[in-house]
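# What follows is a protein structure lacking sequence information:
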């Protein structure tokens, strides 16, 4: 999840727990909800101390607890934080910090909550880390609560906070139930993994195999609420270094551009991806894309063309409309 969503979620969760009469604990929870991502500032040290890398010790129960202990004593010395119960400040920050760990583990990005005692990961694969829908909801929430604060009757502001809390909670429940149904479909159809997409209703049933010489993928789309997944799509390519010379087939166009496309877009290289090549006159038009991305019909990847006669390729990365037909 992005930083602002973490803060807003921790704020609303703290509001539900403490109520509008305890703004200091709500603020403490919101602050703690964003603090684990401060590990980005420790990047220079992470090379020497791996525990300090992103999603390292700050995204663990121990890290959250240490921050909560320190914060419970330091908060009263900060502006807008009145002197109050040290224990309750600790509880508020502990809950806010743990909500951050949970939300990250809720996505396809793993966290290790029991560091340094265990490397066991938490990754529920129920959401994507960067979600346009969630970013939009977070932006609307921030603007709404900020504009209403002090400009509308307090009771309206409280009702708005309750409504937004229900929306966030409903979103997480929907994602969790959809992930469970997708897992049922995965087992029934014989796939190895389930991957969320940027569309909360659309999931990907995946099989992916990779060796130093070859890459193979097959997948089916599962839409939450439907009884059966969509048709299966599969492809396999050899990893061939870019060479010159005539390109005779679409398969050869894919294989010639594969390593170059991964080099062009490193993010695509880390996710399940597929490609298609279509003959257009003297070139093959090629598109490689991340199969999990499904927001507004567009995907992140690499597209371009390779000359049929010379093998010269022109590729660029970006967002583009998802291909409707992929080689099988």
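Nice, I can see it. The model shown is predicted, which means the values in this text are computed figures rather than measured ones.

# residue contacts, residue 109?
Neighbouring residues of residue 109 by C-beta atoms under 8 Å, 6 or more residues apart in numbering: 55, 123, 129. Heads up, the C-betas are built off the backbone N, CA and C, glycines and all.

# so which of the residues you listed is the most crowded?
For these, the largest neighbour count, defined by other C-beta atoms under 10 Å, is 19 neighbours, found at residue 55.

# if I read this right, residue 8 contacts residue 140, doesn't it?
No. The criterion here is C-beta atoms under 8 Å, and residue 8 misses it with residue 140 at 10.0 Å.

# Going along the chain, name the strands of the stretch 51-200 of the chain.
193-196 (DSSP state E, counting those that start in this stretch).

# Skipping its backbone neighbours, what lies nearest residue 172 in space?
Distance criterion C-beta to C-beta, 6 or more residues apart in numbering; nearest residue to residue 172, sequence neighbours excluded, is residue 106 at 7.2 Å.

# Among residue 8 and residue 140, which residue is more densely surrounded?
residue 8 (25 against 13).

# Quick check: which element contains that one?
helix 3-18 (DSSP states H and E).

# Which neighbouring elements make contact with that helix?
When contacts are defined as 3 or more C-beta pairs under 8 Å, 6 or more residues apart in numbering; DSSP states H and E, helix 3-18 packs onto helix 23-34, helix 86-106, helix 132-148, helix 154-189.

# Okay, buried residues for it please.
3, 5-15, 18 (16 or more other C-beta atoms under 10 Å).

# Can you give me the distance of the residue sitting nearest the centre point of the chain to residue 61?
Nearest to the mean C-alpha position of the chain, by C-alpha atoms, centre = their mean, lies residue 129 at 1.5 Å. With the distance defined as C-beta to C-beta, to the nearest Å, residue 129 ends up 21 Å from residue 61.

# same deal with residue 254?
45 Å.

# Please apply the same query to residue 309.
Distance of residue 309 to residue 61, given as C-beta to C-beta: 61 Å.

# Looking at these two, which one has more neighbours?
Between residue 309 and residue 61, counting by other C-beta under 10 Å, residue 61 is the more crowded of the two (16 against 10).

# Report the residue ranges of every domain in this protein.
3-180, 202-321 (automatic domain parsing).

# quick one: the first one to chain centroid distance?
Average the C-alpha atoms of domain 3-180, do the same for its chain, and the two points are 16 Å apart (C-alpha atoms, centre = their mean, to the nearest Å).

# helices or strands up against whichever helix or strand residue 256 is part of?
Element membership of residue 256, judged by DSSP H and E, is helix 250-264. On a contact count with 3+ C-beta pairs under 8 Å, 6+ apart, helix 250-264 meets strand 233-238, helix 266-269, strand 273-280, strand 283-290, strand 298-307, strand 313-321.

# Pick the most buried one from the ones you listed.
strand 283-290 (a mean of 24; mean count of other C-beta atoms under 10 Å).

# picking up where we left off before, dump the domains of the chain to a markdown table, plus mean pLDDT.
Below are those laid out as a markdown table (pLDDT from 0 to 100):
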| stretch | mean pLDDT |
| --- | --- |
| domain 3-180 | 92 |
| domain 202-321 | 91 |
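
# Now do the buried residues in the helix or strand hosting residue 44.
Per DSSP H and E: residue 44 is located in helix 43-46. When neighbours are counted by 16+ other C-beta under 10 Å, no buried residue of helix 43-46 is found.

# Over to stretch 126-141?
Residues 126, 127, 128, 131, 134, 137, 138, 141 are the ones in stretch 126-141 that count as buried (16+ other C-beta under 10 Å).

# Tell me the one of those residues nearest residue 29?
residue 141 (15.2 Å; C-beta to C-beta).

# wait, which of the domains of the chain is closest to residue 195?
Of all those, domain 202-321 sits nearest to residue 195, with 4.4 Å by C-beta to C-beta.

# Assign a three-state SS to residue 248, would you?
Going by DSSP: H, G, I helix; E, B strand; the rest coil, the secondary structure assigned to residue 248 is coil.
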